[in-house]
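# would you be able to build a 3D model of this:
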Amino acid sequence: MIGAGAIPPRFRIRDEDGLIVPGVTALELTGAGVTVAKSGARAVATIAAAGGSVDWAAMGIYRPQDYGTVDPTGVADSSAAFQAALDAMNASPYGGEVLCPHGRFKISTGLSLPDMGYDSTHGWGYQVGRAIRGPAWGACTLVAATGLTAPILTATGNTIAGLPNVEITDIGFNGNANTGMTNGVVKLDRTAWARMERVVILGATGGSSLAPIGLNVLDVVHGVYENVVIQNCGTGWKFTEPNSMTCNHTQIRSAWAAGCSAWGMDIQSGAPFTIEGCDVEASASGIRYNYAGGRLALRGPFYHEGVTSGAFFDLTAGYAKLEGPIHGVMGGIQNRGTTNLTVEDWIDSATCTNASGAVLNKVRSPGLTGSGGTTNTWHS
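Residues are numbered from 1 along each chain as shown. Purely as a prediction, here's the structure:
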């Protein structure tokens, strides 16, 4: 059996009333046939018990190492094993998750999670989820082989219902300076729901050879992106709707875009769209929102610095509200067309350039000045 040991005094956790909260800080392994093998180099402990192997697939877990050879050092190609695990998960009508091991894995052929179809008899479709998970943030990275032009991972649905659900957590994707990855280091295409959390996407580890797009999102109807880092790409985040499936209720929280030679975030789909508590640094331009009739909320705290040529925020269509505090070296704001922009709370010294017909509403934002168009000042 596997049982929990007593909690040493120094690990006892007390609540606000001083009562000890139940918890486990260690495991005691007892019983015949239980062995533990440790690997200090990879920080992995393997627990084995006599009586046979675990049927992971029966629990909805698909491990690449069960479907082929994986090399955690990144020397040998691991594409086939990862793709086989994705295929096995996708073949199940109940969905599941691909549980990736520790290591850096070379991907020479782009991985694909295709549409699984819709079973009207059983109601499978929207109810079936797909997840791709690493063991911990930063513990698993998929590295593009030199010359790879396809995205490291592409999740594709259909134009009617979309892929039911895609959840990607605790994975790193490294484009490895492949400039031919025109569809992105990671591509989400026509999904009904998408969630990414604790994900790192690198176009390159450094230098001037950058993948054109970090995360390429096309027609994802509902998306949540939290604690996602995108660095050293042409454009970090790109949202479009080539199939007219509007990116509704999209949320980006506690995310970071840096080292982008074009836009940190280029948003051409989404209403409403929320960006909250994010940073854009050391990029040519900050955030562009260009969506006719769109609604955008940009909420602080927001840190922004190092814009080299373009605007911190470029609003081309729709309505937007910026809520501070917003801090950093500002690149200015471009308020274009017949847009309506409201800026509230503290914003560091910056100028909003309003095009003819554009409206800027200032609410308690003394650090912001407006020129051109119409500027309404409230409580500043």
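
# alpha carbons only for contacts and neighbour counts from here, please
OK.

# which residues sit against the biggest strand by length in the chain?
Counting residues, the longest strand found in the chain (DSSP state E) is strand 285-299. Strand 285-299 has contacts (C-alpha atoms under 8 Å, 6 or more residues apart in numbering) with 260-277, 280, 304, 307-325, 331.

# give the PyMOL command for selecting the buried subset of those residues.
Listed next is the PyMOL selection for buried residues among the contacts of strand 285-299, using 16 or more other C-alpha atoms under 10 Å:
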select buried, resi 260+261+262+263+264+265+266+267+268+269+270+271+272+273+274+275+276+277+280+304+307+308+310+311+312+313+314+315+316+317+318+319+320+321+322+323+324+325+331
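
# now, the contacts of strand 285-299 that are in strands?
Mapping the contacts of strand 285-299 onto strands (DSSP E) picks out 263-267, 273-276, 280, 304, 313-323.

# residue 172 and residue 223: what is the separation?
19 Å (C-alpha to C-alpha, to the nearest Å).

# which one's more surrounded, the two?
residue 223 (25 against 22; other C-alpha atoms under 10 Å).

# what helix or strand is the more buried one located in?
Using DSSP states H and E, the element containing residue 223 is strand 222-231.

# partner strands of that strand, parallel or antiparallel?
strand 193-202 (parallel), strand 248-253 (parallel), strand 256-258 (parallel) (DSSP bridges).

# residues near the closest residue to residue 305 other than its chain neighbours, how many?
The spatially closest residue to residue 305, leaving aside those adjacent along the chain, is residue 329, at 4.4 Å (C-alpha to C-alpha, 6 or more residues apart in numbering). By the measure other C-alpha under 10 Å, the count of residues near residue 329 is 16.

# what does residue 59 give?
As a burial measure, residue 59 scores 10 neighbours (other C-alpha under 10 Å).

# which stretches of the stretch 251-380 of the chain have low pLDDT?
Where the stretch 251-380 of the chain drops to pLDDT under 70, the residues are 379-380.

# try 80
270, 293, 306, 308, 317, 329-330, 338, 349, 379-380 (pLDDT under 80).

# if we can go back for a sec, what angle sits between the longest strand of the chain and strand 263-267?
Counting by axes from the mean of the first three to the mean of the last three C-alpha atoms, to 10 degrees, strand 285-299 lies at 50 degrees to strand 263-267.

# okay, buried residues for strand 285-299 please.
Buried residues in strand 285-299, defined by neighbour count with 16+ other C-alpha under 10 Å: 285-291, 294-299.

# make JSON lines out of those residues and add distance to residue 242.
Below are the buried residues of strand 285-299 laid out as JSON lines (distance: C-alpha to C-alpha, whole Å):
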{"residue": "285", "distance to residue 242": "23"}
{"residue": "286", "distance to residue 242": "23"}
{"residue": "287", "distance to residue 242": "20"}
{"residue": "288", "distance to residue 242": "18"}
{"residue": "289", "distance to residue 242": "16"}
{"residue": "290", "distance to residue 242": "14"}
{"residue": "291", "distance to residue 242": "13"}
{"residue": "294", "distance to residue 242": "16"}
{"residue": "295", "distance to residue 242": "19"}
{"residue": "296", "distance to residue 242": "20"}
{"residue": "297", "distance to residue 242": "23"}
{"residue": "298", "distance to residue 242": "24"}
{"residue": "299", "distance to residue 242": "28"}
